[in-house]
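A.B. asks: build me a structure from this.
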Amino acid sequence: MWIALFAVTLGAYVNCFPLGVALDGHPNLADPRVHAATVENLRLIFTKDYWWPDPLDQLYRPFTKLSFLFNYAVLGNGMNPAGYHVLNVVLHAANAGLVFALALRLFGLPWPAFFAAILWAVHPVGPDAVANIAGRADLLAALGVLGALLLYARLCSGRGRPLANAGAIFVLAILAVGAKENGAVLIGLMLLWDVVHGFDGRTGLLRRLPAYAAAAGALLVFLLLRAHAYDGLPVPMLGALDNPLRGAGFWEARWTALKIVGMDLWLLVFPIQLAADRSFSVISLAHATDPAAWAAALAVAAILAAVIVWRRRDPLLFWAAGFFGVALLPVSNLAVLIGAPMAERFLYLPAVGFAIAVAALVYHFAAPRTATIVLGSLALLFAGRTLARNADWDNDLTLTGHDVQVVPSSFRFCAMYGEFLFQESRTNIDRAIVQEEAAWALLQPLPPAWLFPQIPSSLGRLYGVKGDMVGASTGEGAAWYAKALAMSERAIAIANTSQQTFDDLQLRAGKPLPRRLSYQNAYFFAALGYRGARRYPEAIGAYRRAQAIDPANPDYYTGIADTYTAMDDPGAAAVTFLEKGLALGLTPAVMAEIARAYEKAPGGSCAIGSQAGLPALNTDCPRIRIDVCQSLENLVTLYSDARDGQRAAEFRARMTQSGCVAAR
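C.D. replies: Numbering: from 1, shown residues only. The predicted structure is shown next:
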């Protein structure tokens with residue numbers, strides 16, 4: 001049976017191995033902390049949050065990051081996704097084995113346990129955790145929870161030494177919660193086991209105490225590590241677009257969360273319409289008259305009433321329903337509002353309870369032979385849907401292209417699909433514009449505080465490219481440019497508001513102001529629009545704002561210099577190229593840019609000399625001495641505005657060394 005279980009699991013995910021990378025898999029593979037197995041990278045993994053250095057969310061998942069380091073540096077997979085997919089499938093197969101072992105303890109019979117494990121292993125909600133490289137967090141958390149729960153069940157049956165088992169439970173518990181926060185459900189599941197199977201009196205309770213202490217100790221260690229990691233990090237700005245429940249009142253949010261529980265149950269029973277994201281505006285906030293919320297409430301109440309009434313007659317169903325509820329609670333938004341309202345990956349662990357309940361019900365109401373046919377047929381249907389869903393996770397375009405058809409009201413999928421269409425080919429620009437405009441239209445009714453600048457910024461860029469394609473000198477081109485500039489200005493306004501909101505959040509929390517939010521594209525695309533409209537001072541101002549976010553981006557220096565050239569100010573262009581060289585390095589390419597600028601600048605004929613046969617700044621040239629000081633002063637201002645005090649101090653020291661302070 002074990003071999004058959006692994007064979008079926010592998011068969012359902014065999015088409016994962018050649019898949020590429022989609023969505024959150026990209027930043028995980030690009031994270032420099034996973035690129036080398038060094039002590040410093042290990043320190044950063046355990047002392048920084050999941051998305052460091054960007055303050056995107058309140059996630060602390062060191063063991064998930066550690067697994068990516070294992071793939072990248074230890075196994076040598078690097079940026080090749082195949083190795084990551086192989087390890088994901090291996091972890092899922094291991095979890096299927098744990099589900100089988102757990103079900104075997106519950107059923108006491110091999111065939112019901114086997115089909116319960118099979119149903120879970122091939123259920124179509126699984127690909128969001130298995131085919132998705134970033135789903136590694138769910139796989140590891142489930143591995144820790146199921147492994148520790150099995151050890152606890154073994155301990156409760158009188159096997160194994162309590163202290164040895166407690167040590168193993170501690171390791172698995174800290175793996176679970178350190179991989180994903182919902183691993184904290186272990187204690188609740190242990191308690192559920194005891195409620196269903198009994199504590200065996202005072203002796204049994206004493207035997208269990210070390211296990212409970214180990215699970216609680218693991219959670220405490222995790223919380224201490226997490227608190228230490230966030231102690232020096234900025235407070236993330238959690239937007240209501242990611243989880244609209246954040247924009248609702250307390251009871252409205254919980255009523256909506258209950259409606260989502262009903263949607264989860266429906267998805268487990270009928271896993272046909274699958275999508276990786278259901279943020280705004282896929283799920284509407286529930287009100288007192290919402291029929292879907294009432295249907296969910298009645299369904300949950302009916303399930304609870306049934307399993308409680310049948311508890312003595314059929315404790316297995318009570319346990320399965322309890323497992324589903326306990327495992328779902330941390331990701332349900334009923335207790336705490338999390339990063340998203342609903343996602344299929346949230347059901348990876350709770351689906352264990354669903355699969356066991358289905359197997360139990362079928363074997364309860366059908367003869368063994370009939371049950372085998374029914375469950376085998378259901379597993380075959382699930383496996384076929386899983387194979388089809390795996391293929392969607394091949395890359396960003398295939399995933400968003402599929403999911404936007406399933407949830408066309410998702411602003412995120414509309415926006416992402418438009419962006420990925422454009423990235424694939426500029427010939428897709430009209431389709432990309434349609435998708436981005438659909439995303440922007442969905443956001444229009446929202447209050448300004450909810451908005452982020454990425455979508456209007458991207459849409460403004462698309463309008464500008466469309467103007468280039470139809471011709472700048474045509475009336476149609478001018479109309480596209482006007483739309484591009486208007487949209488870019490809207491993006492800048494939103495970016496400024498978001499930055500101020502973020503800064504206020506830090507100040508209220510008593511945190512120092514960190515580096516600026518990564519909205520540089522909003523300013524960069526606006527700068528391009530201003531240049532196209534010959535509004536040069538505004539273009540330079542937009543470039544400077546982009547620089548304040550990413551001072552190491554060479555395109556911003558070049559854009560400013562080119563704008564000064566268009567203004568017929570070669571001297572200012574030369575100073576800007578000097579800034580670029582002093583900040584990023586006086587490479588031959590930068591020296592060539594500086595030389596070309598000084599050819600047109602007054603007094604610049606002596607600016608470039610020779611050193612070791614290569615072009616070099618001529619510090620004996622009066623114009624160079626003045627401009628170097630100006631460039632250093634500009635860099636001090638730039639890095640101060642970028643909130644990089646260390647680099648600002650470096651350039652201030654270079655000013656002193658160059659005599660610039662005395663000269664001024």
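
A.B. asks: using PDB, list the CA coordinates for the helix or strand harbouring A597.
C.D. replies: When secondary structure is defined using DSSP states H and E, the element that contains A597 is helix 588-600. Written as PDB, here are the backbone C-alpha positions of helix 588-600 (Å, rounded to 0.1, in the frame of the first residue of the first chain):
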ATOM      1  CA  PRO A 588      35.200  53.200 -19.000                       C
ATOM      2  CA  ALA A 589      31.500  53.500 -20.000                       C
ATOM      3  CA  VAL A 590      30.800  56.200 -17.500                       C
ATOM      4  CA  MET A 591      34.100  58.000 -18.300                       C
ATOM      5  CA  ALA A 592      32.900  58.100 -22.000                       C
ATOM      6  CA  GLU A 593      29.600  59.700 -20.900                       C
ATOM      7  CA  ILE A 594      31.500  62.300 -18.800                       C
ATOM      8  CA  ALA A 595      33.800  63.100 -21.700                       C
ATOM      9  CA  ARG A 596      31.000  63.600 -24.200                       C
ATOM     10  CA  ALA A 597      29.200  65.900 -21.700                       C
ATOM     11  CA  TYR A 598      32.300  68.000 -21.100                       C
ATOM     12  CA  GLU A 599      32.900  68.400 -24.800                       C
ATOM     13  CA  LYS A 600      29.900  70.700 -24.900                       C
END
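
A.B. asks: who are the packing partners of that helix?
C.D. replies: Other helices and strands packing on helix 588-600, by 3 or more C-beta pairs under 8 Å, 6 or more residues apart in numbering; DSSP states H and E, are helix 554-566, helix 570-584, strand 608-611, strand 614-617. Placement of C-beta: from N, CA and C, glycine included.

A.B. asks: most packed of those?
C.D. replies: Mean neighbour counts were taken over those using mean count of other C-beta atoms under 10 Å, and the top value, a mean of 23, falls to helix 570-584.

A.B. asks: any chance you could list what contacts that helix?
C.D. replies: Residues from elsewhere that reach helix 570-584, judged by C-beta atoms under 8 Å, 6 or more residues apart in numbering: 551-552, 554, 557-558, 560-562, 564-565, 587, 590-591, 593-594, 597-598, 600-602, 604, 607, 627-628, 630-632, 634-635, 638, 651, 654.

A.B. asks: so L102 touches A153, yeah?
C.D. replies: Yes. Here L102 lies in contact with A153, judged by C-beta atoms under 8 Å, at a distance of 7.1 Å.

A.B. asks: compare neighbour counts for the two and give me the winner.
C.D. replies: More neighbours surround L102 than the other of L102 and A153, with 22 against 17 (other C-beta atoms under 10 Å).

A.B. asks: how about the helix or strand where that one lies: buried residues?
C.D. replies: Remark: L102 resides in helix 81-107, with elements defined by DSSP H and E. Buried residues in helix 81-107, counting neighbours by 16 or more other C-beta atoms under 10 Å, are found at 81, 83-85, 87-89, 91-107.

A.B. asks: thinking again about what came up before, L517 is nearest to which of the helices and strands packed on helix 588-600?
C.D. replies: With C-beta to C-beta as the measure, helix 554-566 is the member of the helices and strands packed on helix 588-600 nearest L517 (16.3 Å).

A.B. asks: buried ones among the contacts of helix 570-584?
C.D. replies: Among the contacts of helix 570-584, the ones that count as buried (16+ other C-beta under 10 Å) are 551, 557-558, 560-561, 564-565, 590-591, 593-594, 597-598, 601, 604, 607, 627-628, 630-632, 634-635, 638, 651, 654.

A.B. asks: distance of the closest residue to A96 other than its chain neighbours relative to V89?
C.D. replies: In space, A96 comes closest to A121 once its chain neighbours are excluded; the distance is 3.9 Å by C-beta to C-beta, 6 or more residues apart in numbering. A121 sits 11 Å away from V89 when distances are taken as C-beta to C-beta, to the nearest Å.

A.B. asks: again, but for F170
C.D. replies: 28 Å.

A.B. asks: and S658, what is it in contact with?
C.D. replies: Taking C-beta under 8 Å, 6+ apart as the definition of contact, the neighbours of S658 are R625, V628, C629, L632.

A.B. asks: show me the shaky parts of the chain.
C.D. replies: Confidence mapping of the chain against pLDDT under 70 gives the ranges 661-664.

A.B. asks: once you drop chain neighbours, what's closest to V145?
C.D. replies: Spatially, and ignoring its direct neighbours in sequence, V145 is nearest to A176 (4.7 Å; C-beta to C-beta, 6+ apart).

A.B. asks: in the strand or helix carrying that neighbour, what counts as buried?
C.D. replies: Under the criterion of DSSP H and E, A176 resides in helix 162-179. Residues 165-166, 168-170, 172-179 are the ones in helix 162-179 that count as buried (16+ other C-beta under 10 Å).

A.B. asks: rewinding a little: what comes into contact with the helix holding A597?
C.D. replies: Residues from elsewhere that reach helix 588-600, judged by C-beta under 8 Å, 6+ apart: 558, 561, 565, 570, 573-574, 577-578, 580-581, 584, 604-605, 607-608, 614-617, 623.

A.B. asks: circling back to that earlier point, now the helix holding A176: how far from the chain's centre is it?
C.D. replies: Distance, stretch centre to chain centre, for helix 162-179: 27 Å (C-alpha atoms, centre = their mean, to the nearest Å).

A.B. asks: what packs against that helix?
C.D. replies: Under the contact rule (3+ C-beta pairs under 8 Å, 6+ apart), helix 162-179 is packed against helix 62-69, helix 136-156, helix 186-197, helix 201-231.

A.B. asks: buried deepest among those, which one?
C.D. replies: Of all the helices and strands packed on helix 162-179, as judged by average neighbours under mean count of other C-beta under 10 Å, the leader is helix 136-156 with a mean of 24.

A.B. asks: could you tell me the angle between that helix and helix 162-179?
C.D. replies: Angle, helix 136-156 to helix 162-179, by axes from the mean of the first three to the mean of the last three C-alpha atoms, to 10 degrees: 160 degrees.

A.B. asks: for helix 136-156, the distance to its chain's centre please.
C.D. replies: With C-alpha atoms, centre = their mean as the basis, the distance from the averaged C-alpha position of helix 136-156 to the chain average is 24 Å.

A.B. asks: the inter-axis angle of it versus helix 186-197?
C.D. replies: For the pair helix 136-156 and helix 186-197, the angle between their directions (the same axes, to 10 degrees) equals 40 degrees.
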